[in-house]
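In: sequence and predicted model, in that order:
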Amino acid sequence: QVQLVESGGGLVQAGGSLRLSCAASGRTFSDYAMGWFRQAPGKEREFVVAISWSAGSTYYADSVKGRFTISRDAAKNTVYLQMNSLKPEDTAVYYCAIRTFAGASAYYTRRDEYNYWGQGTQVTVSS
């Protein structure tokens with residue numbers, strides 16, 4: 001069983017920054033990809049960014065490109081999401097997800113492509 005624990009959410013003013021972390025545990029990780037999604041009140045969960053673990057390939061949603069940066073620490077089985085220039089429309093619960101048995105350079109943008117999810121961390125951006 002895989003466990004994902006997100007942290008780093010909070011309240012920030014528009015233009016500010018936050019860094020989210022997602023720590024994975026529960027199995028030996030060698031062939032997986034990770035991603036971040038977010039869900040605002042009354043809206044569907046949407047893709048934010050994905051990373052392939054082995055190759056470090058990344059893919060960003062247009063809405064966050066140039067402001068958010070995903071990175072990973074393989075030794076710690078942790079992925080980070082640095083969020084800069086935050087906007088009120090970034091307010092949402094942010095979820096990390098993992099897809100096991102992924103290709104070395106593959107990343108995934110659909111919710112149904114991931115098989116484990118964290119509990120989410122709230123990010124609130126005030127105007």
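Out: Cool, got the structure. Numbers count the residues shown, from 1 in each chain.
In: can we go C-alpha only for contacts and neighbour counts from here?
Out: OK.
In: okay but Tyr107 is in contact with Phe47, surely?
Out: No: between Tyr107 and Phe47 there is no contact under C-alpha atoms under 8 Å: 11.8 Å.
In: shared neighbours of these two, anything?
Out: Any residue near both Tyr107 and Phe47 by C-alpha atoms under 8 Å, 6 or more residues apart in numbering counts here, and that gives Gly35.
In: looking at those two, which one has more neighbours?
Out: Neighbours of Tyr107 and Phe47, each counted by other C-alpha atoms under 10 Å, are more numerous for Tyr107; the result is 24 against 21.
In: low-confidence regions, this structure specifically.
Out: Counting by pLDDT under 70, the chain shows low-confidence ranges at 28-30, 55.
In: I figured Tyr108 hits Trp36, correct?
Out: No: with contacts counted by C-alpha under 8 Å, Tyr108 stays clear of Trp36, the gap being 10.2 Å.
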